[in-house]
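>>> Below is the sequence, then the predicted model.
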Amino acid sequence: MRRGRASWTAEITAIYRAVEALRPADRRLVYDPHAHAFLRAHFRLLLKSPPLARAALWFWVERRFPGGYDSIVARIRCVDDCLQRALAQGIGQVVILGAGFDARAYRFQAQLSGARVFEADHPLTQRVKKRKVIRRFGRLPDHVTYVPIDFETESLDRLRRGGGYTAALQTLFIWEGVTKYLTSAAVSDVLGWISANSAPGSRVVFDYLLNAMLDGRWAEPHAQKILAYQRRKGEPYRFGVDAGELAAWLIGLGYSAVQRTTLDDLKRLYLQPLNRGKRLHTFYEIAEAMV
Ligand SMILES: C[S@@+](CC[C@H](N)C(=O)[O-])C[C@H]1O[C@@H](n2cnc3c(N)ncnc32)[C@H](O)[C@@H]1O
């Protein structure tokens, strides 16, 4: 996060969700009817013309970092499906870590039926989020608890203290688009806290960068451009995982049933049937694990 500022990357993923929402129902992977409400006025204006919005996205993102859009949208869909599975299995709480402008608490309100949602995010981003939620819905929804936290310096105990989180209920922890911005110590602390403080049957889903991308070994030239861009914009990538070590690392932190999903998996599952995903950022992966 840039010092003293809300996360701008939270707005980028909201832009992707807003643009995806412009597609016809049978051509889209994700439907977020609220995403546009979290954007600044000039982006909201662009969205009024779908061709212009798509052209702007191509100009600012796809032209420079080909495959970025489909990669992120497929990741969002994968996490949506994980949430729906967990809800169908009766989990009682959902904790969205580094929530940014994630609207799952509002998009899936009907399916949540009684499950409490916690949005834990950096206070600077969360302050902006709450303002925009109030503008969109008239007030903060009763089923969501907003917990300000800095993962680098504070413990997730904040969920309990004043947040109302209980370790007695099975919980899904969603940590999307966040680990790459943190130190390795902060990532391990959060994952360790979850496994030590949630009911058996709880689970976590998060995405991570591959170390080979982070340390410059990745073959695609735009991988290095992305690293340089993030540094320039003040939100540098810092954390990555060696895919071969994912399971051992998570088992060491108290998890079981570790599942690794690659971008090629997401392509087969979601993108190919829509004739999308010709280029992807394959240096991301998604992990799911059980407590
Ligand atoms: C790319 S955004 C992802 C937002 C959302 N999860 C999504 O997928 O749209 C990164 C999020 O991580 C949060 N974040 C970054 N560093 C953080 C920290 N040290 N403590 C808490 N949150 C942090 C930012 O506030 C932001 O909401």
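Yep, that arrived.

>>> Three-state assignment for Val117, please.
Secondary structure, DSSP: H, G, I helix; E, B strand; the rest coil: Val117 is strand.

>>> who's it bridged to?
Beta-bridge pairing for Val117 (DSSP bridges): Val94, Val144.

>>> ok, now how distant is Glu171 from Ser155?
Slight slip there: residue 171 is Thr, not Glu. The gap separating Thr171 from Ser155 is 16 Å, by C-beta to C-beta, to the nearest Å. Placement of C-beta: from N, CA and C, glycine included.

>>> Mind checking which of those two has more residues around it?
Higher neighbour count among Thr171 and Ser155: Thr171, with 27 against 14, using other C-beta atoms under 10 Å.

>>> Give me the pLDDT value at whichever residue of the stretch 51-200 of the chain sits closest to the ligand.
Across the stretch 51-200 of the chain, the shortest distance to the ligand (C-beta to the nearest ligand atom) belongs to Gly100, at 2.5 Å. Looking at Gly100, its pLDDT is 97.

>>> just Arg3 next, same as before
For Arg3, pLDDT reads 61.

>>> Kindly report the same for Ala6.
So, for Ala6, pLDDT stands at 67.

>>> Contact distance from the ligand - what residues of the stretch 51-200 of the chain qualify?
Contact residues (C-beta under 6 Å from any ligand atom) of the stretch 51-200 of the chain with the ligand: 98-102, 121-122, 125, 149-152, 176-178, 181-182.

>>> Which ChimeraX command selects the buried ones in the residues you listed?
Typed into ChimeraX, the line below selects the buried ones among these, using 16 or more other C-beta atoms under 10 Å:
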select :98,99,100,101,102,121,122,125,149,151,176,177,178,181,182
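
>>> Mind checking which of the residues of the stretch 51-200 of the chain next to the ligand are in helices?
Counting by DSSP state H, the part of these found in helices is Thr125.

>>> re earlier: I figured the residue of the stretch 51-200 of the chain closest to the ligand was touching Ser7, is that so?
Yes. With contact defined as C-beta atoms under 8 Å, Gly100 reaches Ser7; the gap is 6.1 Å.

>>> Neighbours of Leu45, how many?
Close neighbours of Leu45, defined as other C-beta under 10 Å, add up to 12.

>>> Please enumerate the helices of the protein.
For the chain, the helices defined by DSSP H cover 9-20, 41-47, 50-57, 68-88, 104-107, 109-112, 123-137, 184-196, 211-214, 221-232, 246-252, 263-266.

>>> quick one, which of these is nearest to Gly277?
helix 68-88 (4.7 Å; C-beta to C-beta).

>>> quick one: contacts for the most centrally placed residue in the chain?
By C-alpha atoms, centre = their mean, the chain has its centre lying nearest to Glu176, at 2.3 Å. By C-beta atoms under 8 Å, 6 or more residues apart in numbering, the contact set of Glu176 is 75-76, 79, 96, 98, 102, 205-207.

>>> Flag every buried residue along the lowest-mean-pLDDT helix or strand in the chain.
In the chain, the helix or strand scored least confidently by mean pLDDT, DSSP states H and E is helix 221-232, which has a mean of 90. With burial defined by 16+ other C-beta under 10 Å, the residues of helix 221-232 counted as buried are 222-223, 226-227, 230.

>>> And these, which two are furthest apart?
Between all members of the buried residues of helix 221-232, the farthest pair (by C-beta to C-beta) comes out as His222 and Gln230, at 12.4 Å.

>>> ok, of the contacts of Glu176, which come out buried?
For those, a burial check counting by 16+ other C-beta under 10 Å picks out 75-76, 79, 96, 98, 102, 205-207.

>>> so which of those residues would you say is closest to Arg268?
Taking C-beta to C-beta as the measure, Arg75 is the one of these closest to Arg268, at 14.3 Å.

>>> Distance to Thr262 for the contacts of Glu176 - can I get that in TSV?
Formatted as TSV, the contacts of Glu176 follow (distance: C-beta to C-beta, whole Å):
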residue	distance to Thr262
Arg75	11
Ile76	16
Val79	15
Ile96	23
Gly98	22
Asp102	23
Val205	14
Phe206	14
Asp207	11
